[in-house]
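Asks: Predicted coordinates and the sequence they were generated for:
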Amino acid sequence: MYKMKVVIERSRRRTLTLTVVRGEVVVRAPLTVSDAEVGAFVERHRRWIAKRLATRRTLSLENGERVWLLGKEYVIREGKKGLADGGICLPAENREAALRAILQKLAETFMQELTARTAQKCGFSYRSVRISSARTRWGSCSREGRIAYSFRCVFLPPDIAEYVALHELCHTRMPNHSAAFWKEVARYMPDYAQRRKRMRGYEWCMEIL
């Protein structure tokens, strides 16, 4: 038997989903679903949860460790905070906070440019882009067209990050996951299903930092 903490996040959504973040099971549920129904949902996925808890990963911040960001390999070394010459330079103290700052800045630059480029190419319009610390989703889009991305998107290869951007841009037209929504995604990215499947292999990145 494994120990786990279940966190329930309710919103105006239609389906139940769950993820494991730093040893916690996060369930996103519709407002109308009872605690008992959430409990039954968690129980049905007990084996999957146990597997995720058993395979939690960490990110070492020791000098010489290698980290992949947007498809490029970087080596951690001591120095003034920033990215330079294929390295992630971190101070001797408070390395985690320094790395978060670096990744947030990188995510802001990359995702803003990627979103603008994708929107122009495909004819989408949106209000704004911001970077968040979200752990349960790579991106989100409000009904007003405000897009938010987790800074952890920088751990994704560029082509998967491109899928995330297109996914959120499609939500500016359809704020749901209906068949029509996925048809819209496929219209601009015929291989989106393959990219989406590969993205699942990076879910562990939501558990670090």
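Replies: Thanks, I have it.
Asks: Just name whatever secondary elements the helix or strand containing residue 162 is in contact with.
Replies: For residue 162, the host element (DSSP states H and E) is helix 158-170. When contacts are defined as 3 or more C-beta pairs under 8 Å, 6 or more residues apart in numbering; DSSP states H and E, helix 158-170 packs onto helix 95-122, strand 139-141, strand 146-150, helix 179-188, helix 192-199. To be clear about C-beta, it is placed using only N, CA and C from the backbone, and glycine gets the same treatment.
Asks: which residue is nearest the middle of this protein?
Replies: Geometric centre of the chain, nearest residue: residue 138, 2.4 Å, by C-alpha atoms, centre = their mean.
Asks: State the pLDDT value of the residue nearest to it when sequence neighbours are not counted.
Replies: Distance criterion C-beta to C-beta, 6 or more residues apart in numbering; nearest residue to residue 138, sequence neighbours excluded, is residue 164 at 4.8 Å. pLDDT for residue 164: 98.
Asks: Can you say which of the helices and strands packed on helix 158-170 is packed in most?
Replies: Most buried of those, by mean neighbour count (mean count of other C-beta atoms under 10 Å): strand 146-150, with a mean of 22.
Asks: what's that strand packed up against?
Replies: Counting by 3+ C-beta pairs under 8 Å, 6+ apart, strand 146-150 packs on helix 95-122, strand 128-132, strand 139-141, helix 158-170.
Asks: Please state the offset of the shortest one from the chain centre?
Replies: In this case it means strand 139-141. Remark: strand 139-141 is offset 10 Å from the chain centroid, using C-alpha atoms, centre = their mean, to the nearest Å.
Asks: if we can go back for a sec, could you give the angle of the helix holding residue 162 to helix 179-188?
Replies: Interaxial angle, helix 158-170 versus helix 179-188 (axes from the mean of the first three to the mean of the last three C-alpha atoms, to 10 degrees): 130 degrees.
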